[in-house]
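J.: Give me a 3D structure for the following:
(chains A and B)
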Amino acid sequence: MLIIKNLHAEVEGKQILKGLNLTVNAGEVHAIMGPNGAGKSSLASVLAGRENYEVTEGEVWFEGKNLLEMAPEDRAREGVFLAFQYPVEIPGVSNINFLKTALGEIRAYRNLPPLDAKAFLQLSKEKQKLVEFDAKLVNRSLNEGFSGGEKKRNEIFQLAMLEPSLSILDETDSGLDIDALRIVSKGVNKLRSPKNAFMIITHYQRLLEYIVPDFVHVLYDGRIVKSGTKELALELEEKGYDWLKDTEKEEVGTI
Amino acid sequence: MSLIQEPVIPLYDAVVKGYQTLSTAGADTEGVRRARQTAFDQFRLLGFPSIKNEDWKYTNITRYLKDEFALNGLVAGDEPVAAVSAPADLVAKATIPGLDACQVVLVNGVWDGKVKGALPKGIELFKVSQVLNDPQFAAYFGNGKWGNQHFAYLNTALFKDGLFIRVKDGAAVEKPLHVVNVFTADRNLLIQPRHVIVAGRNAEASVVESVVSGDGAGVAGEVKLWVNSLTEIFAQTDSKLDHVVLQTASAGVRMVQHTTVRQRKQSLYNNYTFTLPGAELVRNDLQARLEEDHTETHLYGLYLAAGGQLIDNHTLVDHQKPQCFSNELYKGVLLEKSTGVFNGKVYVHQDAQKTNAFQQNNNLVISKQATIDSKPELEIYADDVKCSHGSTVGQFSEEALFYLRARGIGEETAKALLINAFAFDVTEKLKNSAVEAYVNELISQHIPSQTQA
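T.: Model prediction:
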């Protein structure tokens, strides 16, 4: 589904990603962990097409298409979804109208007929229930005045509505209390299927107790320095990230 | 003093000639005649405004005055413009879907006397030309004090007709009155409508005005129309008046709209002015004069400028008496090579203690070639008041734009959504949902394809 090869990227002249390789297949959940400043959120931004990131080297292929050549909206239409670390408040744009517009454009891109009002409403209700999203928030202005937890849950609600094939959750767990974390995780687990994949970016292991990953990768200094299964997350939790510095040196030495 | 007047303005000569013709026609009563004479003398003294006048510093109208304009039916040998029936397509253009209102149509400021839908009890309509010389209406036409308002003098000197709306004392009129102002001609024309709205004691009413002009049928190709419209509003004690103005004239129209509102004790006046792309020049002078205590005034404005358009909103809230409340919110979206001007003056007289006066102007400048001049002006001579003002100029939030695009919404649509959201603060203030939906639709129509920087 997603193949990242030797990805180098910089922002404002500063090199952030320094040769990142990663392959994600349908049905898989990948956790990306790492210390602050390792490039986790940058990876999410580059994949979603944030304009201030410049890719200087490498390739990203999404379902056989060159992702890096696409505008952000086309990436979304192709099936890439970024759940924002900091969802943006947009007063005056209603949540539901925003989703209707988004879904409409995505469907048009895929040559699907537009959903009529009734079908859309039904879908919205169904997904609200699935991710336990408060109906009152659906009609409010997009994220305006939402609590941190409500914003994150809105991201998951959007994810449920748009049904992407690849979902990138950028520190969705940060700022969530344990109840909200449980609800968000439950939502994600319900949305998991053999056809879609998740990339879960997190600083902490706790989220991974709820959303069990197939693979855990450690991102450090712009590269994935270690990959493993879910046990790796526990190891990281225990040891912290400091031991990685040594690992990295070892790996560099062996190349 | 006539030296002030640049000799190259043909309209000035036409106006002077026109006045001489009119003053020899002699139908007016002594009072009206005197008011016209005073106004005309003032206009001759002031001439057309130039950027040397503080109130016109950012609005240079020289290029709009270069053409020749006929004064409809005033200058000897000048054939009156024939069509005074309203072209159906223009009236259709002004139709607000789902609005339950009674409608009147004015062509070039002249009402044909017809009303579509039953006129609600409590509202009376007259042609200004019919009541102008009627002694019981004299109070509404005698005022010659227009300060430095060049165009108000010009209108007063030469106006012929318009609509007189009277809401009777104590009448609560639920249905809005929709006034459709159609401007259309087959030649360059100076049109000077004169309207009066009187909300009687404890009366309540809502007036929605639309301004439209022809693209093909009326104002074709090179035809230019100068519209110098003046509206006087009298909000009597305890009255409540909602006044919506939808300016959607097309290219070829240059418009100056002067509105003076005089508020008596405990009256409420709400003005909502929307100016959309089309007319080359729109200058609004909106003046609320709070002549008695405990009045309330809300001025909401939204201007969406495109092409080479110039939209200028000058407002004045004149707090003359104590305990009055005024609130003003104007927002502007500047596209392409357009220019916007906002000048909001709040004047608090020494006598006007316990005044609450708030003003806000926010601008979204979409294009690198667009300009906005925003100038709040506060003059406060009372010492126990609450007044505030704010002015902002900004661009699209890149974060918001990216967020929308990351959900599959195309750049153009995303920008349109953000513009609508920006305008929302103003449109949501409209009390009638049909009007609100219509305005939002008008805004949307003008956004796509025009958002490129």
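J.: So which residues of the chain form helices?
T.: In the absence of a named chain, chain A is used. Ranges of helices in chain A, per DSSP state H, are A:40-48, A:72-78, A:95-109, A:117-130, A:135-138, A:148-162, A:178-191, A:207-210, A:230-239, A:242-254.
J.: could you do chain B instead?
T.: For chain B, helices defined by DSSP H occupy the ranges B:10-25, B:30-46, B:88-94, B:128-131, B:150-158, B:398-405, B:411-427, B:433-446.
J.: ok so, going back, with mean pLDDT and mean neighbour count added, can I get the helices of chain A in TSV?
T.: Backbone N, C-alpha and C define where each C-beta goes, glycine included. Output for the helices of chain A, formatted as TSV (pLDDT from 0 to 100; neighbours: other C-beta atoms under 10 Å in any protein chain shown):
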stretch	mean pLDDT	mean neighbour count
helix A:40-48	96	23
helix A:72-78	97	23
helix A:95-109	95	19
helix A:117-130	94	14
helix A:135-138	90	14
helix A:148-162	93	22
helix A:178-191	90	17
helix A:207-210	91	20
helix A:230-239	86	15
helix A:242-254	57	11
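J.: As CSV, those helices with distance to chain B would be great.
T.: Shown next, in CSV, are the helices of chain A (distance: least, C-beta to the nearest C-beta, whole Å):
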stretch, distance to chain B
helix A:40-48, 5
helix A:72-78, 4
helix A:95-109, 4
helix A:117-130, 14
helix A:135-138, 15
helix A:148-162, 7
helix A:178-191, 16
helix A:207-210, 21
helix A:230-239, 27
helix A:242-254, 30
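J.: What I need now is those helices written out in a markdown table, including distance to B:V346 for each item.
T.: Shown next, in a markdown table, are the helices of chain A (distance: least, C-beta to C-beta, whole Å):
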| stretch | distance to B:V346 |
| --- | --- |
| helix A:40-48 | 45 |
| helix A:72-78 | 44 |
| helix A:95-109 | 36 |
| helix A:117-130 | 45 |
| helix A:135-138 | 38 |
| helix A:148-162 | 38 |
| helix A:178-191 | 47 |
| helix A:207-210 | 54 |
| helix A:230-239 | 61 |
| helix A:242-254 | 62 |
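J.: my read: B:E124 touches B:K168, true?
T.: Yes: using C-beta atoms under 8 Å, B:E124 is in contact with B:K168, at 6.9 Å.
J.: ends of stretch B:92-107, how far apart?
T.: 14 Å (C-alpha to C-alpha, to the nearest Å).
J.: Buried residues, that stretch. List them.
T.: Buried residues in stretch B:92-107, counted by 16 or more other C-beta atoms under 10 Å in any protein chain shown: B:K93, B:A94, B:I96, B:L99, B:A101, B:C102, B:Q103, B:V104, B:V105, B:L106, B:V107.
J.: could I get those as TSV with pLDDT and distance to chain A?
T.: Formatted as TSV, the buried residues of stretch B:92-107 follow (pLDDT from 0 to 100; distance: C-beta to the nearest C-beta, whole Å):
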residue	pLDDT	distance to chain A
B:K93	90	26
B:A94	94	26
B:I96	96	21
B:L99	96	22
B:A101	95	27
B:C102	95	32
B:Q103	96	30
B:V104	96	34
B:V105	95	34
B:L106	95	34
B:V107	93	37
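J.: Tell me which of those residues fall in strands.
T.: Residues of those located in strands (DSSP state E): B:C102, B:Q103, B:V104, B:V105, B:L106, B:V107.
J.: which ones are touching the closest residue to chain B within the stretch 1-150 of chain A?
T.: Per C-beta to the nearest C-beta, A:G92 is where the stretch 1-150 of chain A lies closest to chain B, at 2.9 Å. When contacts are counted by C-beta atoms under 8 Å, 6 or more residues apart in numbering or on different chains, A:G92 touches A:S141, B:N420, B:A421, B:F422, B:A423, B:F424, B:D425.
J.: quick one: the residue nearest to it when sequence neighbours are not counted from B:Y403, how far?
T.: In space, and not counting its chain neighbours, A:G92 is closest to B:A421: 2.9 Å by C-beta to C-beta, 6 or more residues apart in numbering or on different chains. According to C-beta to C-beta, to the nearest Å, B:A421 stands 12 Å off from B:Y403.
J.: Name the residues contacting each of the two.
T.: Between them, B:A421 and B:Y403 share these contacting residues under C-beta under 8 Å, 6+ apart: A:I90.
J.: which one of these two has more residues nearby?
T.: Taking other C-beta atoms under 10 Å in any protein chain shown, B:A421 and B:Y403 do not tie; B:Y403 has more neighbours (25 against 20).
J.: Contacts only, for the residue of the stretch 301-450 of chain B found nearest chain A.
T.: In the stretch 301-450 of chain B, the residue that lies nearest chain A is B:A421 (2.9 Å; C-beta to the nearest C-beta). For B:A421, the contact set (C-beta under 8 Å, 6+ apart) comprises A:I90, A:P91, A:G92, A:V93, A:S141.
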